[in-house]
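**Q** sequence and predicted model, in that order:
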Amino acid sequence: MDELLETTFLGIGLKNPLVVASGVLGTSASLMERAAREGAGAVTSKSTGSEAWAGHANPVTLAWGNSVINAIGLTNPGCQEELPILVETKRRLNALEVPLFASIFASTAMEFGEVARVIAQAEPDLIEVNISCPNVASDFGEPFSANCASAAAVTRSVRSAVSIPISIKLAPNVPNLAQIAQAVVAEGADAITAINTVPAMLIDAYASRPVLKNKTGGLSGAAIKPIALRAVWELAQAISVPIIGTGGVASGLDAAEMIMAGASLVGVGSAVVNGGPAVFRQIAQELSEFMQQEGYQSLEEMRGKAL
Amino acid sequence: MEDRDLGGLMQAFEVANVITENSSTRTLLLKGRLESAQPGQFVMVWLPEVGEKPYSIASAVPLALTVSSVGTVSGKLAHLQPGERVWIRGPLGKGFRLMGEKHLLVGGGYGAAPLAFLAKSALKQGGQVKVCLGAKSEADLLMERRLVDMGSQVWVATEDGSKGFQGLVTSLTEQMILEERPDCVYACGPTGMLVALAEVCKRYQLPAQLSFEGIMRCGVGLCGSCELLEEICKQVGLPSGWLACHDGPVARFDGGR
Ligand SMILES: Cc1cc2nc3c(=O)[nH]c(=O)nc-3n(C[C@H](O)[C@H](O)[C@H](O)COP(=O)(O)OP(=O)(O)OC[C@H]3O[C@@H](n4cnc5c(N)ncnc54)[C@H](O)[C@@H]3O)c2cc1C
Ligand SMILES: Cc1cc2nc3c(=O)[nH]c(=O)nc-3n(C[C@H](O)[C@H](O)[C@H](O)COP(=O)(O)O)c2cc1C
Ligand code: FES
């Protein structure tokens, strides 16, 4: 336990600010328990929708350097099947004093509320509302994060369905990120998660076609860190609710930079490729060492320093 | 033949040569080497418009894959001709690590694919290599000739008794453990076989390295698809949340020594 890293987020106590990002290691109680044991401050489950969904066929992921492109396509068992998994996960994480964030998605604003109502029965500490997956446009339509009205409509639906805290997960590839965030906060969002992956593509010249089966995918990891920092920095100035800053964090310094951009918590996903699930402990330790070196007494003292 | 560092991305390899192993299995020898690859590691193999699946590295110099034709991707792969291409990313996962001098290798079905590579490394180090191979019947056996030619000693078990010991390769292996007293058992094959072997090795306090399969999607430890069922983890003594692509495919057990 490292007191320097302890923090409170929407009244929820965390041992450290590092959150397992949705879609990474969040598919089962055993894996989420492992991530918690490996040092994560909180764990986000894989986004679940209303019905079982297989996602896309392989190839679904490529990882090079510290960057990743994926088009998993929101593989999930449907919220009724997900519920017992989350109940069990919550039980195991409670024993470790690690909060559970449950991620949901849907294809209409109304359906978002329905999925949230089902998932709320597992009593997660927060529901993360994924309105920004770039990989399912052909299945579920344009992401709701694309404009203020649709983002606000989803938020309203989820807000009226559940009383537990909600965070809306936004995409960076919009010209008016701050306005979209303000619109969802006005509808009762307790927090913002930013960013989701950035639409991208790989083509193999010898194959003369896109590599991912879905053709396009979402970029994450080191390649998007500057994009994520900019988004969080802009959001921190536009809204007063806390931000789960996510994108390209793989070291303690990366985490510090995200917090200085204004993040309250820091999502970590792609860094698991090179660091394994133990990367959470490693980043936490590096963050603590940096804070000691630089004389920071708390995360609060560092938060928004670069604004 | 250049050594390739794929750096995580997909790269095209040309098929240089094809060896027929049995009626449904062929080995593709590719143009190019993957010198950093360890026996027991795997690669993701992509055929555009067909799909992408994991295959054990059957040889690193040159890179080779041994493919049994059972479905969509394997069917296409097994019928490739010299000059055609496959796309590879890897090497991925954790492979075998040689322990001691007396090695007992066990292969069930196409699980024999990575064993020749392992046997080659073991023999190169001056170790002694004994192999138990299991198959449904003689026609399904893999790698026997190759392993013998290399200088390893091979015993065979077939379920129908068409060759060698009649019965499961696990029974044959137990017998060989008692007779040969190996330093470590290395196995690749169906999960049922591995669970049984884990039990046998535990009983004899023998270190074991078992290569487990999983449904590989990302192949790099993100998506959770290849997680070994928690009840199997408990049965064999692995921590739960064990990922075949990241923690494995090879799981190492110290035999309680
Ligand atoms: C780490 C790892 C290493 C592997 N190494 C090898 C290897 O070296 N050589 C190799 O040939 N395969 C290997 N495999 C299996 C390989 O990845 C594919 O699962 C297999 O080739 C079937 O894919 P497919 O697309 O051809 O079949 P699919 O189209 O997916 O399946 C078609 C049919 O075949 C059946 N089927 C699927 N898999 C098998 C199987 N393994 N045995 C019998 N029937 C099956 C299915 O039930 C289905 O009915 C490995 C798997 C893993 C996880
Ligand atoms: C393999 C993979 C799967 C993902 N699945 C989801 C998902 O189901 N829901 C979601 O909201 N975000 C998903 N994401 C996005 C991440 O949660 C995160 O926002 C993004 O990857 C940026 O963080 P990173 O650079 O630390 O990976 C996924 C990312 C990856 C790499
Ligand atoms: S295949 Fe994705 S975690 Fe192993």
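**A** It's in. Ligands and ions are numbered 1, 2, ... in the order given.
**Q** C-alpha only now, for contacts and for neighbours.
**A** OK.
**Q** specify the beta-bridge partners of A:Asn70.
**A** On the basis of DSSP bridges, A:Asn70 is bridged to A:Thr61, A:Gly218.
**Q** how much space between the residue nearest to the spatial centre of chain B and A:Met32?
**A** Centroid-nearest residue in chain B, with CA atoms, centre = their mean: B:Pro114, separated by 3.5 Å. With distances taken as CA to CA, to the nearest Å, B:Pro114 is found 32 Å from A:Met32.
**Q** from B:Gly127, how far out is B:Met176?
**A** 17 Å.
**Q** how about the closest residue to A:Leu287 other than its chain neighbours, phi and psi?
**A** Distances taken as CA to CA, 6 or more residues apart in numbering or on different chains place A:Gly252 nearest to A:Leu287, at 4.0 Å, with adjacent residues excluded. The phi/psi pair for A:Gly252 (degrees, to the nearest 10) reads phi -60, psi -40.
**Q** burial of A:Gly252, as a residue count?
**A** 20 (other CA atoms under 10 Å in any protein chain shown).
**Q** surely it touches A:Gln292?
**A** No. A:Gly252 is not in contact with A:Gln292 according to CA atoms under 8 Å; the separation is 12.0 Å.
**Q** hmm, back to that, list the contacts of the residue nearest to the centre of chain B.
**A** Neighbouring residues of B:Pro114 by CA atoms under 8 Å, 6 or more residues apart in numbering or on different chains: B:Pro39, B:Gly40, B:Ser56, B:Ile57, B:Ala58, B:Ser59, B:Cys188.
**Q** widest-spaced pair of the residues you listed?
**A** Maximum pairwise distance among the contacts of B:Pro114 (CA to CA): 15.3 Å, between B:Ser59 and B:Cys188.
**Q** tell me which residues touch the residue in chain A positioned nearest to ligand 1, please.
**A** Distances between chain A and ligand 1 by CA to the nearest ligand atom are smallest at A:Asn58, namely 10.3 Å. Applying CA under 8 Å, 6+ apart to A:Asn58 gives the contacts A:Leu212, A:Lys213, B:Gly51, B:Glu52, B:Lys53, B:Arg217.
**Q** assumed it was part of a strand.
**A** No. Counting by DSSP: H, G, I helix; E, B strand; the rest coil, A:Asn58 falls outside a strand, being coil.
**Q** now do the SS call for the closest residue to chain A within the stretch 1-150 of chain B.
**A** Chain A sits closest to B:Gly8 of the stretch 1-150 of chain B, with a gap of 4.5 Å, by CA to the nearest CA. Here B:Gly8 is recorded as coil under three-state DSSP.
**Q** skipping its backbone neighbours, what lies nearest it in space?
**A** Closest residue in space to B:Gly8, ignoring its immediate chain neighbours: A:Trp64 at 4.5 Å, by CA to CA, 6+ apart.
**Q** you'd agree the one you found is up against B:Met10?
**A** No. Here A:Trp64 lies out of contact with B:Met10, judged by CA under 8 Å, at a distance of 9.7 Å.
**Q** for the stretch 151-300 of chain A, which residues are neighbours of ligand 1?
**A** Remark: no part of the stretch 151-300 of chain A is in contact with ligand 1, using CA under 6 Å from any ligand atom.
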